[in-house]
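# My questions are about this predicted structure, shown below with the sequence.
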Amino acid sequence: MTLHPDTVVVITGASSGIGRATAHAFARRGVRIVLASRNPQALAAVADECAELGGKTLVVPTDVGDAQAVQALADAAIRAFGRIDVWFNNVGVGAIGRFEETPMAAHRQVVESNLLGHMHGAHAVVPHFRQRRQGILINMISLGGLVSAPYAGSYIASKFGLHGFSESLRAELSDLPEVHVCAVYPAFVDTPGVGHGANYSGRRVRPPPPLTDPLEVAEVVVGLARRPRSMVGIGAPVMPGRLAHAIAPDLLGRGTRWLMDRAFERAGPAQPVDGNLFEASRGNDIQGGFRKGSSASRAVAATALVGAALLALRALRR
């Protein structure tokens, strides 16, 4: 699809991180952007930034956990701009901690935001795409939708579910060649997400290197609007992680558990927090400020993932 001034893009989770970076990236192309999140003040700031970059915006504060609110978002976009060309499901929240020590209310909120929130978006826009016989739905998933990890049970469950939902919906829409369902699987991205998220581990947490720049992810999303693809992985850990998980998931799980336990041992104590599960995040930064580790630490992390894949392959041969 060619991006032009009449192109209409809806972005949920647009107030910070990948969503805000993607709004900027589309604004530079001069398109019309509908910005949605739970934080009206942050959205207003993003709208001003997009206007300065050349984009025309509409702000629609929305909680994606509310199906009626998401339908109202779609209706507002169509009412204002006449149609929707691209819908970017981008909301994602998480809760770190042992499964049984994380409140069930937190687990439920993660699943409702990450999985049902994306389904609400699809349910609102797919009829419009069917009617027009064209449109692009982009689901922001995660490496966590392909490779499991401990201490993030509901997050992993929501992302694996979102992976399956995307594949199911893609098959369902396969009779419409101009309607696309794209799934994006970044590894760890340097956004404020970890700082905004819920943490019941009792320890300070930070994403492990290597970390991808959210600006890079935003450009991938814009690229999908131009040339849709079913699946896109972003970041060095994606391929070795998928290989190791496919060959020996239990071995990979034990290795990941060991690495995370060592990281928790080195981390300082922290009080349990609900983060942005039940209320909007404060602040609207794009960058998380975590990419301060040395190149050596990034190399060690990448080497560990490759080593995990090789160990898994060795185990399979045995």
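Happy to help now that I have it. Every value quoted in this text rests on a predicted model; they were computed, and no experiment measured them.
# Quickly find the element holding residue 242.
Element membership of residue 242, judged by DSSP states H and E, is helix 238-247.
# mean confidence for whichever helix or strand comes after that helix?
Counting by DSSP H and E, the next helix or strand C-terminal to helix 238-247 is helix 249-266. In this model, helix 249-266 carries a mean pLDDT of 93.
# host element of the closest residue to residue 67 other than its chain neighbours?
Closest residue in space to residue 67, ignoring its immediate chain neighbours: residue 120 at 4.6 Å, by CB to CB, 6 or more residues apart in numbering. Where C-beta positions appear, they are placed from N, C-alpha and C, glycine not excepted. If you go by DSSP H and E, residue 120 is part of helix 117-132.
# List the contacts of that helix.
For helix 117-132, contacts defined as CB atoms under 8 Å, 6 or more residues apart in numbering pick out 10, 12, 64-67, 70-71, 73-74, 78, 83-84, 87, 89, 91, 135, 137, 139, 162, 165, 169, 173, 176, 179.
# Can you list which of these are found in helices?
67, 70, 71, 73, 74, 78, 162, 165, 169 (DSSP state H).
# Which of the residues you listed are buried, as a PyMOL select command?
Selection of the buried residues among those in PyMOL, burial being defined by 16 or more other CB atoms under 10 Å:
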select buried, resi 70+71+73+74+78+162+165+169
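# Out of the ones in helices among the contacts of helix 117-132, which is nearest to residue 195?
Taking CB to CB as the measure, residue 195 lies nearest residue 162 of these, at 22.6 Å.
# okay but that closest one is in contact with residue 116, surely?
No. Here residue 162 does not reach residue 116: they are 9.8 Å apart, not a contact under CB atoms under 8 Å.
# which residues touch residue 203?
With contact taken as CB under 8 Å, 6+ apart, residue 203 is in contact with 264, 267, 268, 269, 270.
# Now do the same for the last one: its pLDDT.
The model reports residue 270 with a pLDDT of 95.
# Identify the residues contacting the longest strand belonging to the chain?
Longest strand in the chain, counting residues (DSSP state E): strand 179-186. By CB under 8 Å, 6+ apart, the list of residues contacting strand 179-186 from outside reads 18, 126, 129-130, 133-143, 145-146, 162-163, 166-167, 169-170, 173, 212, 217, 220-221, 224, 228-235, 238.
# of the contacts of residue 203, closest to residue 195?
Checking those against residue 195 by CB to CB gives residue 270 as the nearest, at 11.3 Å.
# quick one: the nearest residue to that closest one once chain neighbours are set aside and residue 168, what's the gap?
Leaving aside its chain neighbours, residue 270 sits nearest to residue 204 (4.7 Å; criterion: CB to CB, 6+ apart). Counting by CB to CB, to the nearest Å, the gap from residue 204 to residue 168 is 38 Å.
# just residue 153 next, same as before
Taken as CB to CB, the span from residue 153 to residue 168 is 22 Å.
# same thing with residue 227?
For residue 227 relative to residue 168 (CB to CB), the value is 23 Å.
# swap in residue 12?
Residue 12 is 20 Å from residue 168, by CB to CB.
# Compare these two and say which one has the larger neighbour count.
For the pair residue 12 and residue 168, the greater number of neighbours falls to residue 12 (28 against 11), based on other CB atoms under 10 Å.
# who does the more buried one bridge with?
residue 36 (DSSP bridges).
# my read: it touches residue 38, true?
No. Assessed by CB under 8 Å, residue 12 is found out of contact with residue 38, at 9.9 Å.
# in this structure, which helix or strand is least confident?
Within the chain, no helix or strand scores below helix 295-317, which has a mean of 47 by mean pLDDT, DSSP states H and E.
# just to revisit the earlier point, farthest pair within the ones in helices among the contacts of helix 117-132?
Applying CB to CB across these, the maximum distance is between 78 and 162, 24.8 Å.
# okay, the nearest residue to residue 134 once chain neighbours are set aside: pLDDT?
Leaving aside its chain neighbours, residue 134 sits nearest to residue 178 (3.9 Å; criterion: CB to CB, 6+ apart). For residue 178, the pLDDT comes out at 98.
# how far away is residue 178 from residue 226?
14 Å.
# Ok, residue 84 next?
Using CB to CB, residue 84 is found at 16 Å from residue 226.
# Counting neighbours, go ahead and name the busier of those two.
More crowded of residue 84 and residue 226, by other CB under 10 Å: residue 84, with 24 against 12.
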